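Asker: heads up, no residue letters with this:
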């Protein structure tokens, strides 16, 4: 299926690529329903987004227009799906009532926006219920293909309820794609019987091995704190008397030591993991406990913005240790319950947490599934959660973030037995469904024994190197010319750094005596530096990735691998200095599509691709210095002229580039002086800037933006400044202007 090629550039993960291709293959075979089993954190919402694009292309070739629905079973998941689809550029419709949904499902048009942007309708399953006629398509249109993506099919779709019947009635010809990341773990019904066989499968082991999700570390609470909690619980029972269990666990005697432990532990974790940006979440025993815990936090630990700013201003009189302590302190929290705040407020709080503005979230039932915040790396589990809900909750901390290798779960509820039972059922179900594929299955949590094995492996790998003398180690590493050997060593040392944080976090200090972890950091830096040099050397000599020449410190590469005698050192320094100045001057050029610039870059590339770097002689260095000096002189002059032109457009590089394109020799159709072209472009600039300022969304739709700008270009060039333009020239100018604005916008925008 070639249709997926255009999607892969949008950071499409390979399980999503394969699942998308698998859907196309099933459709070719005439199969119109099935299940995609992708583990939590692997991007099921993103998968649906990619398939909107893929299936649109697939059906348009058959002159059929697809109509997409994404179906969830909870309001918070509807809101999250809406945010994610919108962020990726889809128009998203939600339905507010059964009547609204009935009208939508019966409508024969596929999209509802005038711009023709791809669209998806996100629906809560409750809109299907209790109305057998809600989805009756009496005026069925064979040119419309309805496609349903059903989230969490192992959890939400009971065949005894009205939903499935109404869904089937909505369109017997509809394509139904079930999405899940958890096993069934029950005997009520079989999802495969309802939705068909598996289209594609991708489970924990593969996701962890591929680096899309992380393994988890389960941390027990300290023995000392267990005793404190037991005493607090006994005291609360005496004070509260014969009442509900949740009232006892929400009593101050119990909650106060618990919140103290959580805050202290989280601050220690930030210090041990050397990252103050990570966030935490507390899954409370009940809503009352969550409310009281949040109240206590605000009373004892919260700091307002003014206090934080005052501390920052006093940082110059504090010691480094004091500054570090302030950085890891927990200063802010938020309570997320269905009856606290408005829907919009809860949405804003969640986004603030994702952005790092809130340190800890206190929750009860919300955010346990579907919540995706990469910085969430510490989960405090304050109550027992069972079956697939437990797996869903645990994997809130399994998203990749920076160089973290693990997510951490602090277990107040002693979930080990429940997790083992759930894990066993999970394994057995996958074994029965996936067969031999599960031979490599391993547990989600990392064990104590595995940590010991990793430490032993680090020792074995480092045995061949002189690690007690950094100078000797550096010399040994610098002599290795095989990239794979150095890459393997770097990975082992990176794993060792993660082990250091893990050992400190868990308090297994005896492990710290087995390896000198401080020394390993130095070894890692030396190895990483040498690997960078090998990569750049390989790219230069093979002509791979030469477009990155301007961003690399080439002078370090050249002299790391060049045989230079004592008498050549002065000459080598001159070559190194000239190369650095030339590279930096080229990197500062803001018009790298200029033919003159491209010519200079190609000369620089040829200079280092025409011979092996290790064979540079004194004579060749002299020749290189001469060539580099000429290139440097020409790029400096080009930069001077560019800057002069940019000032003519009040510092706007976009219009300096457009001006240059319009005055290049090949543009014979635009027959006018540079001064007149400048005046016309300045008028276009004023109009375009005003449009973008008044509606920044205009740059989201290139075709619409082009349509808005074309009359402006024609008016300013032809009517106002009497510059004769052929239709192709008008379209060329308009395309240049629109592209510049869109490129400028995309620099700061999030990629798909």
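Answerer: Yep, that arrived. For clarity, every value in this text was computed on a predicted model and none was experimentally measured. Numbering: from 1, shown residues only.

Asker: after the longest helix anywhere in the chain comes which helix or strand?
Answerer: In the chain, taking DSSP state H as the definition, the longest helix is helix 618-648. Heading C-terminal from helix 618-648, the first helix or strand you meet, by DSSP states H and E, is helix 653-662.

Asker: Now do the longest helix of the chain: distance to the chain's middle.
Answerer: 39 Å (CA atoms, centre = their mean, to the nearest Å).

Asker: tell me what that helix is packed against?
Answerer: In terms of contacts (3 or more CB pairs under 8 Å, 6 or more residues apart in numbering; DSSP states H and E), helix 618-648 is packed against helix 569-587, helix 595-609, helix 653-662. For glycine as for every other residue, the C-beta is placed from the backbone atoms N, C-alpha and C.

Asker: Rebuild those helices as JSON lines, extending it with mean pLDDT, distance to residue 18 and mean neighbour count.
Answerer: Formatted as JSON lines, these follow (pLDDT from 0 to 100; distance: least, CB to CB, whole Å; neighbours: other CB atoms under 10 Å):
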{"stretch": "helix 569-587", "mean pLDDT": "77", "distance to residue 18": "38", "mean neighbour count": "17"}
{"stretch": "helix 595-609", "mean pLDDT": "82", "distance to residue 18": "36", "mean neighbour count": "16"}
{"stretch": "helix 653-662", "mean pLDDT": "93", "distance to residue 18": "40", "mean neighbour count": "20"}
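
Asker: Out of the ones you listed, flag the one nearest residue 244.
Answerer: helix 653-662 (65.5 Å; CB to CB).

Asker: helix or strand right after the closest one?
Answerer: Later in the chain than helix 653-662, the nearest helix or strand by DSSP H and E is helix 674-694.

Asker: which residues touch that next one?
Answerer: Applying CB atoms under 8 Å, 6 or more residues apart in numbering, the contact partners of helix 674-694 are 648-649, 652, 655, 658-659, 662-663, 670, 698-699, 708-709, 712-713, 716-717, 720-721, 723, 737, 741.

Asker: residues of that helix that come out buried?
Answerer: By neighbour count on 16 or more other CB atoms under 10 Å, the buried set for helix 674-694 is 677-685, 687-688, 691-692.

Asker: by contact count, what packs against the next helix or strand after it?
Answerer: Where DSSP H and E defines the elements, the next helix or strand beyond helix 674-694 is helix 702-714. If contacts are counted by 3+ CB pairs under 8 Å, 6+ apart, helix 702-714 sits against helix 674-694, helix 727-748.

Asker: what about helix 702-714, distance to the chain center?
Answerer: 33 Å.

Asker: same deal with stretch 577-586?
Answerer: The answer for stretch 577-586 is 34 Å, by CA atoms, centre = their mean.

Asker: again with stretch 221-228
Answerer: Between the centre of stretch 221-228 and the centre of its chain there are 37 Å (CA atoms, centre = their mean).

Asker: any weak-confidence spans in the stretch 501-650 of the chain?
Answerer: 501-515, 517, 536-572, 608-618 (pLDDT under 70).

Asker: can you rerun that using 90?
Answerer: 501-588, 592-593, 598-629 (pLDDT under 90).

Asker: before we move on, back to that, just the angle between the longest helix of the chain and helix 674-694, please?
Answerer: In terms of direction (axes from the mean of the first three to the mean of the last three CA atoms, to 10 degrees), helix 618-648 departs from helix 674-694 by 70 degrees.

Asker: Taking helix 595-609 as reference, get the angle to helix 618-648.
Answerer: Using the same axes, to 10 degrees: helix 618-648 against helix 595-609 is 160 degrees.

Asker: Please spell out which residues along helix 618-648 are buried.
Answerer: 621, 624-625, 627-628, 631-632, 634-635, 638-639, 642, 645-646, 648.

Asker: Ok, stretch 19-26 next?
Answerer: Going by neighbour count (16+ other CB under 10 Å), the buried part of stretch 19-26 is 19, 20, 22, 23, 24, 26.

Asker: Would you mind listing where the stretch 301-450 of the chain has pLDDT under the threshold?
Answerer: Residue ranges of the stretch 301-450 of the chain with pLDDT under 90: 302-328, 338, 343-344, 347, 365-372, 381-396, 398-400, 402-406, 409-450.

Asker: what about the strands in this protein?
Answerer: Taking DSSP state E to define them, one finds strands in the chain at 33-38, 65-72, 91-94, 119-124, 144-151, 175-180, 198-202, 215-220, 279-283, 333-336, 360-363, 376-381, 406-411.

Asker: Any chance you could list what contacts stretch 715-733?
Answerer: 658, 662, 667, 669-672, 676-677, 679-681, 683-684, 687, 710, 713-714.

Asker: Please compute how far that stretch lies from its chain's middle.
Answerer: 43 Å.

Asker: Could you do stretch 223-243 as well?
Answerer: With CA atoms, centre = their mean as the basis, stretch 223-243 stands 43 Å off its chain's centre.

Asker: avg pLDDT for that stretch?
Answerer: For stretch 223-243, the mean pLDDT works out to 74.

Asker: what comes into contact with it?
Answerer: 221, 247, 248, 249, 251, 253, 254, 256, 257, 258, 261.

Asker: do you know how far the residue lying closest to the fifth one once chain neighbours are set aside is from residue 296?
Answerer: Nearest in space to residue 251, with sequence neighbours left out and distances taken as CB to CB, 6 or more residues apart in numbering, is residue 236 at 4.0 Å. When distances are taken as CB to CB, to the nearest Å, residue 236 and residue 296 turn out to be 14 Å apart.

Asker: Would you agree residue 413 is in contact with residue 380?
Answerer: No: with contact defined as CB atoms under 8 Å, residue 413 does not reach residue 380; the gap is 9.9 Å.

Asker: the more surrounded of those two?
Answerer: Higher neighbour count among residue 413 and residue 380: residue 380, with 25 against 15, using other CB atoms under 10 Å.

Asker: and that one, what is it in contact with?
Answerer: 262, 280, 281, 282, 283, 410, 412.

Asker: what does residue 288 give?
Answerer: Going by CB under 8 Å, 6+ apart, residue 288 touches 246, 247, 250.

Asker: what's the closest non-adjacent residue to residue 654?
Answerer: For residue 654, the closest residue by CB to CB, 6+ apart turns out to be residue 740, at 4.0 Å.

Asker: The one you found: what's it in contact with?
Answerer: Under the criterion of CB under 8 Å, 6+ apart, the contact list for residue 740 reads 654, 655, 657, 658.

Asker: please redo it, this time with the cut-off set to 10 Å
Answerer: By CB atoms under 10 Å, 6 or more residues apart in numbering, the residues touching residue 740 are 652, 653, 654, 655, 657, 658, 661, 688.
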